[in-house]
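Chemist: sequence and computational prediction follow.
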Amino acid sequence: MHRDDHAGRPRRTLRSMALLSAAALFLIPLAESASAHGSIVDPASRNYGCWQRWGNDHLNPSMQQQDPMCWQAWQANPNAMWNWNGLYRNGVGGNHQAAIPDGQLCSGGRTEGGRYNALDAVGAWKTTDIRNNFTVKLYDQASHGADYFRVYVTRQGYDATTQPLRWSNLELVHQTGRYAPSQNISFNVSAPGRTGRHVVFTIWQASHMDQAYYLCSDVNFS
């Protein structure tokens, strides 16, 4: 009996280690997400919205019918959603339009590696209902603060379901001043004359270094 007990112990230990390893692998995306930066959470940026709706259920095939733009993004690169807070560029020097080509605004021009490319896909992204006077909310896990935020809204007549997003489609509607480091920042924006589906494009220039975030939020003005 004594020999049998010791013989079984290594097998039980190996099974326990395998289960712990599997659990650790499952938690890697969440840990990576939790260690990074921030995003616009209301109205939700494209990848934050996909993570918010499907992060706990991202293997559900129903997403393909219920939320096809998130589906294609999850299929293209799940890390774009697990890293919803890492869509930034360093060293742009405020020259955003030169750094980000037309058609790549929602990925911040981050085509290397293809992580965020799917965020530029044209189609019927899920929208957040807002009014012409609305509030933009940032969640910044690392409390970087901001030199400024610039908020653009697409011009009336632009159709995000059929057209790639270009700088010429946007109108600057709001620019803020500086914000001290904080995990939660919010400010009010007015975008008169809009109805229906639009894209809110926010540039967050962080204050801890020359680091700029480029964030597309799909909205419906009601």
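Modeler: Received, thanks.

Chemist: helix or strand for Asn47, which one?
Modeler: Using DSSP states H and E, Asn47 sits within helix 46-54.

Chemist: ugh, wrong one, I meant Ala142
Modeler: Going by DSSP H and E, Ala142 is not in any helix or strand.

Chemist: residues near it, how many?
Modeler: 14 (other C-beta atoms under 10 Å). To be clear about C-beta, it is placed using only N, CA and C from the backbone, and glycine gets the same treatment.

Chemist: what's the answer for Tyr139, then?
Modeler: Neighbours around Tyr139, by other C-beta under 10 Å: 17.

Chemist: how's this protein carved up into domains?
Modeler: Structurally, the chain divides into domains by automatic domain parsing as follows: 1-35, 38-221.

Chemist: got CSV for those, with mean pLDDT too?
Modeler: CSV is the format used below for these (pLDDT from 0 to 100):
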stretch, mean pLDDT
domain 1-35, 38
domain 38-221, 95
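
Chemist: among the ones you listed, which is the most enclosed?
Modeler: Across the domains of the chain, averaging neighbours per residue (mean count of other C-beta atoms under 10 Å) puts domain 38-221 on top, at a mean of 18.

Chemist: measure it end to end?
Modeler: Terminal residues of domain 38-221 lie 25 Å apart, using C-alpha to C-alpha, to the nearest Å.

Chemist: and if you look at stretch 88-106?
Modeler: Stretch 88-106 has its terminal residues 11 Å apart, counting by C-alpha to C-alpha.

Chemist: can you pull the contacts of Gly91?
Modeler: Asp210 (C-beta atoms under 8 Å, 6 or more residues apart in numbering).

Chemist: still on that earlier bit, name the helices or strands packed onto the helix holding Asn47?
Modeler: strand 38-42, helix 68-76, helix 79-82, strand 211-221 (3 or more C-beta pairs under 8 Å, 6 or more residues apart in numbering; DSSP states H and E).

Chemist: got JSON lines for these, with distance to Asp120 too?
Modeler: Listed next are the helices and strands packed on helix 46-54 as JSON lines, based on distance: least, C-beta to C-beta, whole Å:
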{"stretch": "strand 38-42", "distance to Asp120": "16"}
{"stretch": "helix 68-76", "distance to Asp120": "10"}
{"stretch": "helix 79-82", "distance to Asp120": "11"}
{"stretch": "strand 211-221", "distance to Asp120": "9"}
